[in-house]
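[1] Requesting a structural model of the entry that follows:
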Amino acid sequence: VIIIIYKCAITRLLNKITEFFLSMSLLNLPIEILRDCIYPYLHIEDLSHLDVACISSIYRKAFYLSLEGYMCPYSLPHISPSFMQWILSRKISLYGLRLTGGSNNDLKKWIGSFRAIQQLEIKDSNHISDETLSYVISRCTGIRILSFNGCKMITNHTLCTVASHCAKLTHFSARGCGNITDEAIVALAVGCPKLQHIDLGECPKITDTAVLALAAECPSLQSVSLQRAASNGSTSQNITDESIVALAQGCTQLTNINLSRCHITDTSIVALAVSCPLLTTVSLNHCGSITDAALSCLAQGCPKLTSLSLNYCLSISGVGITTLASFCPEMTKLELYMCTQITDAAIIALSQGCSRLAHLDLHGCRLLSDEGVESLSTHCGGITYLDIDSTVATDHSLYTLSECAMLSHLNLHSCAISDSALEAIALKCSKLEHINISACKLLTDASVYALSKCPSLTHLSLDRCASISSDAVAHLSKTCPALKFLSLDGCYDISTSAIASVLSAHPSATVIAGQREVFSRLTTLSRMAVDILGPMCV
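    Numbering: from 1, shown residues only. Now for the predicted structure:
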């Protein structure tokens, strides 16, 4: 009873203090000053708290008047129906809203605050219908940013409504919307000529016809994603050189393009190099027909490139990468996953010419050895992400990675690294968050103890490290406060009690342990059982 009385007294005191400051500062100011100079620096939840404080206040009416017509100047994440009801009751307008899921009823009820909305993002909803979205969009003609990513119920009907009502639209994304066809994108291109960014990734029914319409009607496009969905490792035949050449010629302001898995050849890349010199980000993953000749042309035509993805571009060799290094000194991200023709000479040229590299994926580049890795350590000290899985680098060069103090993600799967080299990396690379040392057969418990001292470590993979003992794994329960993921697949000598101790110390972590993967899916109740019974397990 005393505690309840105390809490009530504190609440009343806080309300009085709030009312005092409202009377002395906020609510004596003109409404225009409140809306333009004060409220934009407060989170909308703070305004709702002030509302509660004004319930018994003489300033309540003045506060309500100051909120009426106020536009929240940023996009809100998913909010509860009750909080949305408060926004509606105070007649606050929204700049933007991001919803994950959602329902028809929610959108229809909230339309009152949508009329001035400029940004609407709805993600992964299988419940919002075309009819509801069309109703909302037809009343929100000021929308500039619109996203329906993963909304599988969306069809051409909604996009045709967008095309006829949203002439100011500049950003549109419908990634993973499998029902959208060329007809809708053609209408969108005609009705929304101010488009600057469009994402049609993983929309299987989109073909050259849609891209040709965008090329003809939307000259201001800066970012285009036409990435096809994975389909048995093959490329999609829907997007070809014909439309990409037209896109390059019609949209010369392009800075970002994703053509992963599109059925294109060097012809498309040459067209982009000639017509789009402002390109900074290019993704060509699984475009197996791209050769060094096209890559060299791209490098020379687009010297501002900072990010390039060439994963599974099997025809790319060191020749193209060397040219890239010569003409694109601003490169910070390069992905060459399974580009098996990449040599040490190419990586040496890359590290010397692109010293700002922060993200480099050389997974499966089997010709990469100590020379290339050592050059990276020497010239790219600011690198944060490095994947050299399945390369032939040895302890000699891997030891030098300890000089890359900014490393946060490191994949050394199957590398011939020893405890001493890994101990050096763990000591000097204090920012390590993700490290994969699976199948590194030379490693022992000493490496695990060293990594346990990395304060930011969240992901650790030790698959098939046969020399790792239960004691080392159990030691992780006393360290690594941020640990979220531990993989022990193929470590058959790790005891159940060691795994239980890790889960007890890190209850939200996932532990993969082969047939014992059940430990990664424990409910809260099961975890409690592990805490109690774990020490008794063998």
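[2] correct me, but S48 touches M84?
    No. Contact criterion C-beta atoms under 8 Å: S48 and M84 do not qualify, at 11.1 Å. Where you see a C-beta, it was placed from the backbone N, CA and C, and this is true even at glycine.
[3] Give me the buried positions along the longest strand belonging to the chain.
    As assigned by DSSP state E, the longest strand anywhere in the chain is strand 93-100. Neighbour-count burial for strand 93-100 flags 93-97, 99 (criterion: 16 or more other C-beta atoms under 10 Å).
[4] Looking at those residues, which gets the smallest pLDDT?
    The pLDDT minimum for the buried residues of strand 93-100 sits at L99, where the score is 74.
[5] Pretty sure that one sits against S125.
    Yes. Using C-beta under 8 Å, L99 is in contact with S125, at 7.1 Å.
[6] rewinding a little: S48 and M84: which has the busier surroundings?
    In terms of neighbours (other C-beta atoms under 10 Å), M84 is the more surrounded of S48 and M84; the figures are 19 against 16.
[7] Skipping adjacent residues, who's closest to the more buried one in space?
    Closest residue to M84 apart from its sequence neighbours, by C-beta to C-beta, 6 or more residues apart in numbering: W110 at 5.5 Å.
[8] Next up, identify which helix or strand that neighbour is on.
    helix 104-110 (DSSP states H and E).
[9] One more: T323?
    Here T323 sits within helix 318-327, counting by DSSP H and E.
[10] Can you give me every residue that contacts the residue nearest to L483 when sequence neighbours are not counted?
    Distances taken as C-beta to C-beta, 6+ apart put H506 closest to L483, at 4.9 Å, once the chain neighbours are dropped. Contact analysis of H506 by C-beta atoms under 8 Å, 6 or more residues apart in numbering lists 477, 480, 483-484.
[11] Can you give me the distance of H506 to T458?
    10 Å (C-beta to C-beta, to the nearest Å).
[12] buried ones in stretch 221-233?
    For stretch 221-233, a neighbour-count test (16+ other C-beta under 10 Å) marks 221-228 as buried.
[13] and that stretch, how far from the chain's centre?
    Distance of stretch 221-233 from its chain centroid, counting by C-alpha atoms, centre = their mean, to the nearest Å, is 16 Å.
[14] Let me know the secondary structure of the residue lying closest to S369 once chain neighbours are set aside.
    Using C-beta to C-beta, 6+ apart and skipping the chain neighbours, the partner closest in space to S369 is V392 (4.9 Å). Recorded secondary structure, V392: coil (DSSP: H, G, I helix; E, B strand; the rest coil).
[15] Could you report the neighbour count for V392?
    Using other C-beta under 10 Å, V392 has 17 neighbouring residues.
[16] so what's it up against?
    Contacts for V392 were tallied using C-beta under 8 Å, 6+ apart; they are 366-369, 416.
[17] can you map out the strands along the stretch 51-200 of the chain?
    71-76, 93-100, 119-123, 145-147, 171-173, 197-199 (DSSP state E, counting those that start in this stretch).
[18] Within the sheet, what are the partner strands of the longest one, with directions?
    When pairs are called by DSSP bridges, strand 93-100 turns out to pair with strand 71-76 (parallel), strand 119-123 (parallel).
[19] coming back round to it: so which of the buried residues of stretch 221-233 sit within helices?
    Residues of the buried residues of stretch 221-233 located in helices (DSSP state H): none.
[20] closest to I206 among these?
    The closest of the buried residues of stretch 221-233 to I206 turns out to be L226 (C-beta to C-beta; 7.2 Å).
[21] helix, strand or coil for the nearest residue to that closest one once chain neighbours are set aside?
    Computed as C-beta to C-beta, 6+ apart, the closest residue to L226 that is not its neighbour in sequence is I239, at 5.3 Å. Per three-state DSSP, the secondary structure class of I239 is strand.
[22] again with C465
    Three-state call for C465 (three-state DSSP): coil.
[23] tell me which element the nearest residue in space to it that is not next to it in sequence is part of?
    The shortest distance from C465 to any non-neighbouring residue, by C-beta to C-beta, 6+ apart, is to L443 (5.6 Å). Counting by DSSP H and E, no helix or strand carries L443.
[24] pretty sure L443 contacts L422?
    Yes. Judged on C-beta under 8 Å, L443 makes contact with L422 at a distance of 6.5 Å.
[25] ok, now which ones touch C262?
    Contact partners of C262, counting by C-beta under 8 Å, 6+ apart, are 226-228, 235-236, 239-240, 244, 268, 287.
[26] and the closest residue to it other than its chain neighbours, what does it touch?
    Leaving aside its sequence neighbours, C262 sits nearest to I239 (C-beta to C-beta, 6+ apart; 4.1 Å). Contacts of I239 were listed using C-beta under 8 Å, 6+ apart, and they are 206-208, 211, 226, 228, 259, 262-264.
[27] Quick one: the strands in the stretch 301-450 of the chain, in order.
    307-309, 333-335, 359-361, 385-387, 409-411, 434-436.
[28] Many thanks, we can stop here.
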